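J.: sequence first, predicted model second:
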Amino acid sequence: MDNLLAGGEAANRPLFTFAGPELTASTIPNGQLTLSGPSDCLDRARLPVRGDLAHIGLAGRCFVPHYAVPMPHLLKADATLRGAGQTNGEAIGELAADTLFNVLDMSGGWAWGQVGDGGLVGYLPLDHLTAQ
């Protein structure tokens with residue numbers, strides 16, 4: 001089994017690819033990510049972060065209990081991006097079929113994520129999405 005924290009060779013391999021400094025197991029003391037200062041003030045409409053979860057690319061910029069690697073999906077049909085995972089949630093925008101939506105969380109029939117890379121953040125019904 002491949003252990004990211006075992007051995008010198010594994011410690012020098014990047015864990016994830018995202019903007020910013022290279023993140024390897026050897027640069028993470030005790031295998032833990034740390035926040036070295038206050039969390040950034042974030043534009044929550046365009047940065048995928050909420051109280052319990054954030055995009056892995058935001059590790060080190062904001063403090064949350066969990067980070068997620070995005071799972072790319074495509075919209076099957078036109079859909080409304082919502083501010084909450086419910087049909088009466090605030091409408092944030094209208095998305096066309098075949099739009100890329102990077103899912104970070106799935107719960108209760110809804111997906112939370114970001115439109116493409118750097119687009120709006122919100123919720124879509126899971127049945128409107130197909131995995132890439």
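T.: Noted; the coordinates are in hand.

J.: how about the helices of the protein, start to end?
T.: 8-11 (DSSP state H).

J.: grab the longest strand from it for me.
T.: When the chain is parsed with DSSP state E, its longest strand is strand 100-107.

J.: so which elements touch it?
T.: strand 53-55, strand 71-75, strand 110-115 (3 or more CB pairs under 8 Å, 6 or more residues apart in numbering; DSSP states H and E). Bear in mind the C-beta positions are built from the backbone N, C-alpha and C, glycine included.

J.: pull out the buried positions in that strand.
T.: Buried residues in strand 100-107, counted by 16 or more other CB atoms under 10 Å: 100-105.

J.: equivalent analysis for stretch 117-132, please.
T.: For stretch 117-132, by 16+ other CB under 10 Å, it's 119-124, 128-129.

J.: again with stretch 73-90
T.: Residues of stretch 73-90 classed as buried: 73, 75, 79-82, 85 (neighbour count, 16+ other CB under 10 Å).

J.: stretch 55-67 now?
T.: Quick answer for stretch 55-67 (16+ other CB under 10 Å): 55-62, 64, 67.

J.: which residue ranges of this protein form strands?
T.: Counting by DSSP E, the strands of the chain are 53-55, 66-68, 71-75, 79-82, 91-95, 100-107, 110-115, 121-125, 129-131.

J.: and which of the buried residues of strand 100-107 is nearest to residue 114?
T.: residue 102 (5.0 Å; CB to CB).

J.: how about that closest one: what's its closest non-neighbour residue?
T.: Once flanking residues are discounted, residue 102 sits nearest to residue 70: 3.6 Å by CB to CB, 6 or more residues apart in numbering.

J.: lowest-confidence helix or strand of this structure?
T.: Ranking every helix and strand in the chain by mean pLDDT, DSSP states H and E puts helix 8-11 at the bottom, with a mean of 51.

J.: quick revisit: now distance to residue 49 too, for the buried residues of stretch 55-67, in TSV please.
T.: Listed next are the buried residues of stretch 55-67 as TSV, based on distance: CB to CB, whole Å:
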residue	distance to residue 49
55	7
56	11
57	10
58	6
59	11
60	12
61	9
62	5
64	6
67	10
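
J.: let me have these in a markdown table, adding pLDDT and distance to residue 95 as columns.
T.: A markdown table is the format used below for the buried residues of stretch 55-67 (pLDDT from 0 to 100; distance: CB to CB, whole Å):
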| residue | pLDDT | distance to residue 95 |
| --- | --- | --- |
| 55 | 93 | 19 |
| 56 | 92 | 23 |
| 57 | 89 | 21 |
| 58 | 88 | 22 |
| 59 | 87 | 27 |
| 60 | 81 | 30 |
| 61 | 82 | 26 |
| 62 | 83 | 25 |
| 64 | 89 | 25 |
| 67 | 93 | 25 |
